[in-house]
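Student: Model the structure of this input:
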Amino acid sequence: MSLRMMSHNGRNCAAGMVWTLEFAYLAVEVVTAYSWRTPYSFRHDTISDLGVTACTQNLCSPLHLLTNSAFVVLGLLTIVGAVLFRGYIPNGHRQRCIISLAVLTGISTAATGLVPSNDGIVVHLLAVMPAFVSRHIVLILLAVWLWKRRRMVAVWSATCAVTGLVGAVLLLDRAVQIGITERLVLYPLPVFMAFTGAAVVLTALTKAVSGSIRSPVTA
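Tutor: Below is the predicted model of the structure:
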């Protein structure tokens, strides 16, 4: 195996490990929610409620620092993973477009943790909205541009994109609880990254183990 190929595989493995850490974000939400002094509802309360820094009669999140830090880390992981995974995306304008949108999504996600909703809802929404839109565009473009090269990834990306778009439509229906619709909008991208990253790491480990078994043992 050439040094260039080893470098490429190493970069992909590193990207996979970075994106696999996205699973930790979901765990953070659960831990923060169950630490609430008042009952937190995954159906009726928003994700941003987990990051409120001041207690009111209905909202009090003792571990708000954990959630807001998780938003920042999630944004950084999104950017780093996208940059490391750029070899999976066709070169040229397609690669630049995907990376740019991923960086925008990451910055917006990180900004969500830096500007909690109780510090100013308008500023908070301005921080959140870019990622609300760009994440779906990223998934759609990946599905289209990887269809011929990596069919399974394209199908997985399309599935996540459709889920997010359905959630966006349901946000307009007040009969559906905000906690559910918001997660339908926001979860698909980190879930896509987490499972994709885990698959890349497992594939790399499998190849490494298989290669070591086939290689002759030297004294």
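Student: Point to the residue nearest the middle of the protein.
Tutor: In the chain, the residue lying closest to the centroid (Cα atoms, centre = their mean) is Pro190, at 2.3 Å.
Student: Now it. Nearest residue, chain neighbours left out?
Tutor: Distance criterion Cβ to Cβ, 6 or more residues apart in numbering; nearest residue to Pro190, sequence neighbours excluded, is Glu22 at 4.5 Å. Just so you know, the C-beta spots here come from the backbone N, C-alpha and C atoms, and that holds for glycine as well.
Student: ok, that neighbour - contacts?
Tutor: Glu22 sits next to Leu74, Leu77, Pro190, Val191, Met193, Ala194, Gly197 when contact means Cβ atoms under 8 Å, 6 or more residues apart in numbering.
Student: Go again with 7 Å.
Tutor: Leu74, Leu77, Pro190, Met193, Ala194, Gly197 (Cβ atoms under 7 Å, 6 or more residues apart in numbering).
Student: same thing with Ala70?
Tutor: Tyr25, Val28.
Student: Number the chain from 12, please
Tutor: Understood, numbering begins at 12; the last thing we discussed is Ala81.
Student: any idea how far it is from Val42?
Tutor: Ala81 sits at a distance of 10 Å from Val42 (criterion: Cβ to Cβ, to the nearest Å).
Student: can you check Leu112 too?
Tutor: 30 Å.
Student: Between these two, which is the more surrounded one?
Tutor: Leu112 (22 against 14; other Cβ atoms under 10 Å).
Student: and the more buried one, what element?
Tutor: Assigned by DSSP states H and E, Leu112 falls within helix 104-125.
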